[in-house]
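In: can't give you the sequence, but here's the structure:
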């Protein structure tokens, strides 16, 4: 059987989660590999959440926030962006491919954008293969 | 886990009763609902719990519809995903804490941005109930686009005649503070307690002294293209956009005023008997407080010049619909005579529909009102000039009340309808009949052939589009926009007037293209929503905000430097930071950043999220 990755998706309550809901109400179909987690703002996503997700079995992690400038809390997404840059460097040092973790923007009206981001990420991780975990 | 139940409509009364009964009978202390998105029904199930005596924050929703069953083709994988979602919710709810919502007083004042028919209607609705409204309009007078229109479809009543009484009413209403020639610069706060900074631009005319006699406008030597006349007519450098302006106080356009440009003239000052001219006037900053806000900022008009083949700005007598509105208006630049550039009357006129709308190159959406006003034009042209009228349409969309009947009526007046998108408007003639005229080339899709029709005037029915600064306005008020650039409503069906930002509502064409009755209906709806908030007198604020543990906090101040609302501050005595609960909105950025994990983001605690992650990835 071919490898099916599991991808944890952190979404903010105001833009990306609503964009994902819109994909649902519009009956768009996308890869079933994603596992959504709602937070109030992408700025709430601690790097440890991402590490925890990778440790707990995710092969990749997506963080989706509002578009730059559109954050419901002014600039939480910028804070997410800075934390993400640091985390990516740390993951590389740990030998985890940086492609496994990705930050992107989805507005509440972008159901189709959510679908394509999720599908692209799934395809990318499928290609990378499972995240090797120490037993 | 004590009990699991399956019911077809958990959100219905009987469904909720099942939950309530189990809470009471079995003494449940946590509830998980696996159903639709929490955005839909979290509040429903929270109140179910509350009614049954369980703290509303002890419930968790697993979204197995919008983000699982509706989006997954493979049934088995959908079931696997649903199980993971449910497992995550169960793991998470274990760590939920009972929380109390807070009630804060609601400021009964309302800010309305935009003084077109949408803003005016909403302002009157709220002000009539005795509550204060600040109505902010950036141009010198309220009235908006509706004031520019000639007749209104399908009844053909005069637009200005039905609008001006409402404008006067708004201008003199004891509960409406009209701020014309003003713009909102800054918005802070939250539902119930917004603080708004407004720039009142310098008019260079003292409004308290001016009696609106109009002598200054008469004497002013500087002539400028009038925006109100859509560039078809002129105004002076000191002007009111139109005679019925509210307020009837002129402004001096400093960019075109001879005195401001060259340092001498002051003719207006000389003739003003009321001594109202004040060249030294400066912009004024006004701060107001309001509990709620309505954005009624209207629409922009599509510029057809980029569609080169239609010849706008390149060929004479190719005009836009808004220009035609002014041309045909008896108060307009030609006194209502439909004339060509050379002053003669047209013998035939082409009306091209869907210019910039229903067009992949520009706007995908239907602009909704063009079919109907195009029919109105046909009637007015026939009535005033007797000219032939050719309507080039893609589909006739006549869906409003009385609109299909209007279509039948105009069709009966002998208007030619040609189904097809125009490929070109050209002045290159092929025969004597075409010589010196405009030739409209289009495929008549019902006839199945390309036809050329020589006409004297072409009217382009241009799309309504988002205001040019819609993006900046959305950012200022922290609301979203849909893919087409218009402001995004909270729910496309069931909540078309609210936004994702509590306390901020939208009305009229800033949300999507619409006609006057729909605009007015949406305005009244927004007003009703605000009146219900005002009559409650207080607003409940979510309990999911941050709190700082005194014992852990080292007073480093990272939280204070990150908080977008300056909601944390140093307690000088204890040397620790504390959260101002009235300001905190619970975004959680400080929680993520605190180096000693002293901050808890209530209802989104690290424990809860970690448990959810673990449950999700079984």
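Out: On my side now, so go ahead. Treat the numbers as computed from the prediction; the structure is a model and nothing was measured.
In: can you give me the helices for chain A?
Out: For chain A, the helices defined by DSSP state H cover A:16-25, A:47-56, A:76-93, A:111-128.
In: quick check: angle from the third one to helix A:16-25?
Out: Spelled out, that is helix A:76-93. Relative orientation of helix A:76-93 with respect to helix A:16-25: 90 degrees, computed using axes from the mean of the first three to the mean of the last three CA atoms, to 10 degrees.
In: could I get the phi/psi values of residue B:59?
Out: phi -120, psi 150 (degrees, to the nearest 10).
In: how many residues are close by it?
Out: Residue B:59 sits with 23 neighbouring residues when counted by other CB atoms under 10 Å in any protein chain shown. Backbone N, C-alpha and C define where each C-beta goes, glycine included.
In: quick one, what contacts residue B:170?
Out: Contacts were defined as CB atoms under 8 Å, 6 or more residues apart in numbering or on different chains; by that measure residue B:170 touches B:115, B:120, B:123, B:124, B:127, B:135, B:142, B:176, B:178, B:246.
In: would you tell me which helix is longest in chain B?
Out: As assigned by DSSP H, the longest helix anywhere in chain B is helix B:516-536.
In: show me what that helix is packed against.
Out: helix B:117-128, strand B:292-295, strand B:504-506 (3 or more CB pairs under 8 Å, 6 or more residues apart in numbering or on different chains; DSSP states H and E).
In: re earlier: hey, which of the helices of chain A is tucked in deepest?
Out: helix A:16-25 (a mean of 26; mean count of other CB atoms under 10 Å in any protein chain shown).
In: got a list of contacts for that one?
Out: For helix A:16-25, contacts defined as CB under 8 Å, 6+ apart pick out A:9, A:11, A:30, A:36, A:38, A:42, A:64-66, A:105-115, B:37, B:39, B:63, B:65-67, B:70-71, B:500.
In: what's the mean pLDDT across stretch B:181-199?
Out: Mean per-residue pLDDT for stretch B:181-199: 94.
In: and what of stretch B:130-145?
Out: Confidence over stretch B:130-145, taken as the mean pLDDT, stands at 98.
In: cool, and stretch B:394-404?
Out: In this model, stretch B:394-404 has a mean pLDDT of 96.
In: measure the residue nearest the centre of chain B to chain A for me?
Out: With distances taken as CA atoms, centre = their mean, residue B:510 lies nearest the centre of chain B, 2.6 Å away. Plainly put, residue B:510 is 15 Å away from chain A if you go by CB to the nearest CB, to the nearest Å.
In: show me the contacts for the closest residue to that residue other than its chain neighbours.
Out: Of all residues not flanking residue B:510 in the chain, residue B:297 sits nearest, at 4.4 Å (CB to CB, 6 or more residues apart in numbering or on different chains). By CB under 8 Å, 6+ apart, the residues touching residue B:297 are B:113, B:114, B:467, B:470, B:473, B:510.
In: between these, which is nearest residue B:375?
Out: residue B:510 (25.7 Å; CB to CB).
In: distance of the closest one relative to residue B:482?
Out: Distance, residue B:510 to residue B:482, by CB to CB, to the nearest Å: 11 Å.
In: picking up where we left off before, for chain A, which of the helices and strands packed on helix B:516-536 is the nearest?
Out: The minimum distance between chain A and those falls on strand B:504-506, with 11.5 Å, by CB to the nearest CB.
In: what does that closest one rub up against?
Out: By CB under 8 Å, 6+ apart, the list of residues contacting strand B:504-506 from outside reads B:191, B:292-296, B:477-479, B:487, B:489, B:497-499, B:522, B:526, B:529-530.
In: how close does the residue of chain B most remote from its centre sit to residue B:454?
Out: Relative to the C-alpha centroid of chain B, counting by CA atoms, centre = their mean, residue B:432 is the outermost residue, at 50.0 Å. The gap separating residue B:432 from residue B:454 is 10 Å, by CB to CB.
In: and residue B:441, by the same measure?
Out: 10 Å.
In: so between these two, which is more surrounded?
Out: residue B:454 (19 against 16).
In: phi, psi for that one please.
Out: The phi/psi pair for residue B:454 (degrees, to the nearest 10) is phi -80, psi 130.
In: who's in contact with it?
Out: B:348, B:429, B:433, B:434, B:437, B:438, B:439, B:440.
In: what's the answer for residue B:354, then?
Out: Residue B:354 neighbours (CB under 8 Å, 6+ apart): B:366, B:367, B:370, B:393, B:394, B:421, B:461, B:463.
In: where does pLDDT dip in chain A?
Out: A:1, A:133-135 (pLDDT under 70).
In: residues contacting the residue nearest the centre of chain A?
Out: Per CA atoms, centre = their mean, the C-alpha nearest to the average position across chain A is that of residue A:62, at 1.1 Å. By CB under 8 Å, 6+ apart, the residues touching residue A:62 are A:7, A:8, A:9, A:10, A:34, A:102, A:103, A:104, A:117, A:118, A:121.
In: the fifth one reaches residue A:119, doesn't it?
Out: No - in this structure, residue A:34 sits apart from residue A:119 without contact. The criterion is CB atoms under 8 Å, and the distance is 9.5 Å.
In: picking up where we left off before, what comes up buried for the longest helix of chain B?
Out: B:516, B:518-520, B:522-527, B:529-531, B:533-534 (16 or more other CB atoms under 10 Å in any protein chain shown).
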